[in-house]
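J.: based on what follows, work out the 3D shape:
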Amino acid sequence: MPVAAMPENLGPRLTLDELRATVDEIRRVRSDQYADYTGRALALSGAVTRHFLGREWTQKHADPTSRHAGFFKIDTSPTIQGQLSAFRIYDLGEVLFNLQHIDGFDDRLSDMQIPRKIEPTVAELDVARLLFLHKYMFRFIPPKQLAKGENYDFDIALPDGTEICADAKCKIETTDFSPNTVINSLKDGVKQLPDDRPGMIFVKVPQRWIATLPMAIAMAQTAEGWLGRHDQNTRIVSVKFYVSHLTFESGGVVHRHAYKEVSNRNNKFSSDRDWDMFEDHPVPASWNGLPPWWTRFYKFPEGS
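T.: Below is the predicted model:
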């Protein structure tokens, strides 16, 4: 199981048995409303989200009538946008359940209570999912108010024992692409990383940024040019762009994870090493879309 050492002073955690009991209760109390897999999965995710973040958080940030709702606001209209908005809550609950035992998880729950930190924290959870799915050992770093070089987000252990410091950046969904926007995120990221250990910067970008091939190429070229421009950038071994890609196909939401890794040949740790961490591979039908060490809520528990 690709989980870091168990942290101390755990908050309330959920077990698979408790998930099964929740599904049974959903079937019993709301059998008509949640008769299909999609409805049950959304109800289950809502229950998990309330467990970890609180009922008040859910009402404030997801309820369609809340004036405070933003990124997670549910659109109840019978439209594609409505289904995409519901998927965000489904995805949040599933991510919270699967990452609950990672060291530093509780700090991310605290950050989710601060409205301006919601999207950046979701980006960190997205990066954590990517690491988890690829079986990397890692932990969240507690937020600190310390000197530059000590405020990064992840410690990651590579298979050969190399320890990586990584910082996650997020461009909110309404941000337009420009080279300066990318560079500003990278400049901010490099300041958070120590000088004596290999550093990586993960940048979650809006789906619109990879809508065209020229834009996606420009994004990678901007990172390549920036990496070789300044001496302090030699502490960075790789920049990794990440997209949570949602589309509506064949009557349902399809969720894909897209990434582009840009290695820094001018890094001071190992210039001839390949610092790529992820690779594409065929997904077996038996995986229900993701590997068996990730609990899927869709078709849970029959197809989990």
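J.: and Gln192, what pLDDT?
T.: With respect to pLDDT, Gln192 scores 90.
J.: one more: Ala128?
T.: On the pLDDT scale, Ala128 is placed at 96.
J.: shouldn't it be in contact with Asn98?
T.: No: assessed by Cβ atoms under 8 Å, Ala128 is found out of contact with Asn98, at 9.2 Å. Using the backbone N, CA and C atoms, a C-beta is placed for each residue, glycine as well.
J.: between those two, which one's more packed in?
T.: Legend: neighbour count by other Cβ atoms under 10 Å for Ala128 and Asn98, higher for Ala128 (25 against 21).
J.: ok, and the closest non-adjacent residue to that one?
T.: With sequence-adjacent residues excluded and distances taken as Cβ to Cβ, 6 or more residues apart in numbering, Ala128 is closest to Leu99, at 5.4 Å.
J.: list the contacts for that neighbour?
T.: Listed by Cβ atoms under 8 Å, 6 or more residues apart in numbering, the contact set of Leu99 reads 105, 125, 128-129, 132.
J.: ok, it to Arg40 distance?
T.: Here the distance between Leu99 and Arg40 works out to 22 Å (Cβ to Cβ, to the nearest Å).
J.: ok, longest strand in the protein?
T.: strand 236-249 (DSSP state E).
J.: how near is the residue nearest the centre of the chain to Glu150?
T.: With distances taken as Cα atoms, centre = their mean, the residue of the chain nearest its centroid is Asp126 (0.7 Å). Asp126 sits 23 Å away from Glu150 when distances are taken as Cβ to Cβ.
J.: repeat that for Leu16.
T.: Summarising the geometry, the distance separating Leu16 from Glu150, computed by Cβ to Cβ, is 37 Å.
J.: circling back to that earlier point, just checking: what are the partner strands of the longest strand of the chain?
T.: Pairing partners of strand 236-249, with direction, according to DSSP bridges: strand 199-204 (parallel), strand 252-263 (antiparallel).
J.: list the buried ones in the longest one?
T.: Residues of strand 252-263 classed as buried: 253, 259-263 (neighbour count, 16 or more other Cβ atoms under 10 Å).
J.: what does that strand contact?
T.: Where contact means Cβ under 8 Å, 6+ apart, the residues beyond strand 252-263 that reach it are 38, 83-84, 87, 91, 129-130, 210, 216, 219-220, 223-224, 227, 237-248, 274-278.
J.: drop anything exposed from these.
T.: Buried members of the contacts of strand 252-263, counted by 16+ other Cβ under 10 Å: 38, 83, 87, 91, 129-130, 210, 216, 219, 223, 227, 237-244, 246, 275, 277-278.
J.: quick check: which element contains Lys60?
T.: helix 55-61 (DSSP states H and E).
J.: who touches that helix?
T.: The set of residues external to helix 55-61 that reach it, using Cβ under 8 Å, 6+ apart, is 46, 49-50, 66, 68-73, 112-113, 115, 118.
J.: wait, which of these is closest to Pro291?
T.: Distance to Pro291 across those (Cβ to Cβ) is lowest for Thr49, with 22.9 Å.
J.: wasn't the closest one part of a helix?
T.: Yes: counting by DSSP: H, G, I helix; E, B strand; the rest coil, Thr49 falls inside a helix.
J.: pLDDT value on the residue lying closest to it once chain neighbours are set aside, please?
T.: Of all residues not flanking Thr49 in the chain, Gly93 sits nearest, at 4.6 Å (Cβ to Cβ, 6+ apart). On pLDDT, Gly93 comes in at 94.
J.: what does the one 3 residues further on give?
T.: In this model, Leu96 is scored at 97, pLDDT.
J.: mind checking the SS state of the closest residue to Ser271 other than its chain neighbours?
T.: The shortest distance from Ser271 to any residue that is not its chain neighbour, by Cβ to Cβ, 6+ apart, is 5.7 Å, and that residue is Arg265. At Arg265 the chain is in coil, as set by three-state DSSP.
J.: what number of residues lie near Arg265?
T.: 12.
J.: okay, the contacts of helix 55-61 in CSV with distance to Arg27, pLDDT and secondary structure next?
T.: Converted to CSV, these look like this (distance: Cβ to Cβ, whole Å; pLDDT from 0 to 100; DSSP: H, G, I helix; E, B strand; the rest coil):
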residue, distance to Arg27, pLDDT, secondary structure
Gly46, 15, 91, helix
Thr49, 19, 93, helix
Arg50, 18, 92, helix
Ser66, 28, 79, coil
His68, 32, 75, coil
Ala69, 28, 68, coil
Gly70, 32, 74, coil
Phe71, 30, 76, coil
Phe72, 25, 78, coil
Lys73, 27, 78, coil
Met112, 29, 92, helix
Gln113, 31, 92, coil
Pro115, 34, 89, helix
Ile118, 31, 90, helix
